[in-house]
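Student: Predicted model follows, preceded by the sequence.
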Amino acid sequence: MPRYRLQVAYDGTAFHGWQRQVREDGSELRTVQSALQRAVFKAVREETPVTGASRTDAGVHAIGQVAAFTAAQSIDVDRMSMALTSRLPEDVQVTHAEVVADDFDPIKDARSKCYRYDIACTRPPTTWPPLFDRHVVYRTPFELDHEPMSRVAARLVGEHDFAGLAQKHHGRDNTVRTIHACTVDRIAPDRIRIEVVGSGFLYNMVRIIAGTLLEAGRGRIDEARVDEVLATGNRRLAGQTLPPQGLCLRWIHYGDTPLPPGFPDRHPGTRSNEPRFRDPRS
């Protein structure tokens with residue numbers, strides 16, 4: 001039976017996250033997985049589970065989420081994106097579809113992920129808070145210096161125990177993760193953009209990293225403090241957990257798509273026979 005991989009984009013504002021959630025009375029919360037599951041059923045006329053690569057939280061957005069399902073019949077992938085999107089609510093889209101190996105697992109096969117967090121550092125009346133993009137950017141009233149933010153971000157690159165940069169109830173036995181890149185850029189006079197690329201992330205880890213970098217931009221956290229957080233795992237030494245609306249899942253790498261400059265072409269264990277997948281960063 002053919003297996004299909006989907007690239008999914010969504011505005012997470014009105015969703016209770018990615019993962020399907022059922023209330024005690026049997027009704028479902030509005031989630032991206034549930035919406036996509038229904039669209040797949042309508043399109044292929046099969047009750048087939050749809051698995052997602054990343055369980056984004058309520059309010060978090062994505063342009064490069066990856067999902068997969070197996071169907072009993074072959075489906076025209078050239079028409080699948082349109083067929084599914086036409087059956088989805090207006091705040092979620094399937095932007096690409098293709099056939100993959102039968103044993104493709106969107107969670108286990110992922111090599112790295114990129115998250116972006118956008119911050120508007122505004123102080124009226126000089127600059128007013130975001131209005132039309134207020135659901136996709138976090139607003140702070142403080143002026144931020146991106147240079148110390150960049151210096152602190154550089155300390156996070158590499159393999160570390162990130163227990164101090166995750167919520168206490170993260171549900172993982174192993175808190176060691178590898179950050180391949182962590183960058184901070186001023187993309188406008190009143191906008192700061194944080195991008196984090198890693199092998200995987202703990203619960204709320206990127207939002208806590210963003211909160212820690214925000215405090216660095218205010219001059220309240222420096223490199224030595226971050227070193228201490230990594231060494232001790234003390235969550236209280238790190239910054240706050242920023243709200244979800246500034247966070248977006250940009251892309252997930254499976255070894256068959258281009259990586260950002262400076263990365264090797266392939267990670268160990270990549271299957272060379274997998275078809276190429278559309279780069280969501282373009």
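Tutor: Thanks, I have the structure now.

Student: Let me know the pLDDT of the residue lying closest to residue 89 once chain neighbours are set aside.
Tutor: In space, and not counting its chain neighbours, residue 89 is closest to residue 35: 5.9 Å by CB to CB, 6 or more residues apart in numbering. For glycine as for every other residue, the C-beta is placed from the backbone atoms N, C-alpha and C. For residue 35, the pLDDT comes out at 97.

Student: what's around residue 35, how many residues?
Tutor: Residues near residue 35, counting by other CB atoms under 10 Å, number 21.

Student: Spit out the contact partners of it.
Tutor: By CB atoms under 8 Å, 6 or more residues apart in numbering, the contact set of residue 35 is 15, 88-89, 92.

Student: Tell me which two of those sit farthest apart.
Tutor: The most widely separated members of the contacts of residue 35 are 15 and 88, with 11.7 Å between them, by CB to CB.

Student: neighbour-wise, which of the two wins?
Tutor: Neighbours were counted for residue 15 and for residue 88 using other CB under 10 Å; residue 15 has more, 24 against 19.

Student: show me what contacts that one?
Tutor: Residue 15 touches 30-32, 35, 58-59, 91-92, counting by CB under 8 Å, 6+ apart.

Student: Now render the residues you listed as JSON lines, adding distance to residue 74 and secondary structure.
Tutor: Listed next are the contacts of residue 15 as JSON lines, based on distance: CB to CB, whole Å; DSSP: H, G, I helix; E, B strand; the rest coil:
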{"residue": "30", "distance to residue 74": "31", "secondary structure": "coil"}
{"residue": "31", "distance to residue 74": "28", "secondary structure": "coil"}
{"residue": "32", "distance to residue 74": "26", "secondary structure": "helix"}
{"residue": "35", "distance to residue 74": "24", "secondary structure": "helix"}
{"residue": "58", "distance to residue 74": "36", "secondary structure": "coil"}
{"residue": "59", "distance to residue 74": "37", "secondary structure": "coil"}
{"residue": "91", "distance to residue 74": "30", "secondary structure": "coil"}
{"residue": "92", "distance to residue 74": "25", "secondary structure": "strand"}
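
Student: Next one: the spatially closest residue to residue 95 that is not a sequence neighbour relative to residue 50, how far apart?
Tutor: Leaving out its chain neighbours, the residue that sits closest to residue 95 by CB to CB, 6+ apart is residue 7, at 5.0 Å. Here residue 7 is placed at a distance of 13 Å from residue 50 (CB to CB, to the nearest Å).

Student: Residue 7 and residue 62 touch, don't they?
Tutor: No. Between residue 7 and residue 62 there is no contact under CB atoms under 8 Å: 9.5 Å.

Student: If you count residues, where's the longest strand of the chain?
Tutor: strand 176-188 (DSSP state E).

Student: Each with direction, which strands does the next helix or strand after that strand pair with?
Tutor: Remark: after strand 176-188, the chain's next helix or strand is strand 191-198, criterion DSSP states H and E. Applying DSSP bridges to the sheet, strand 191-198 is found paired with strand 112-121 (antiparallel), strand 176-188 (antiparallel).
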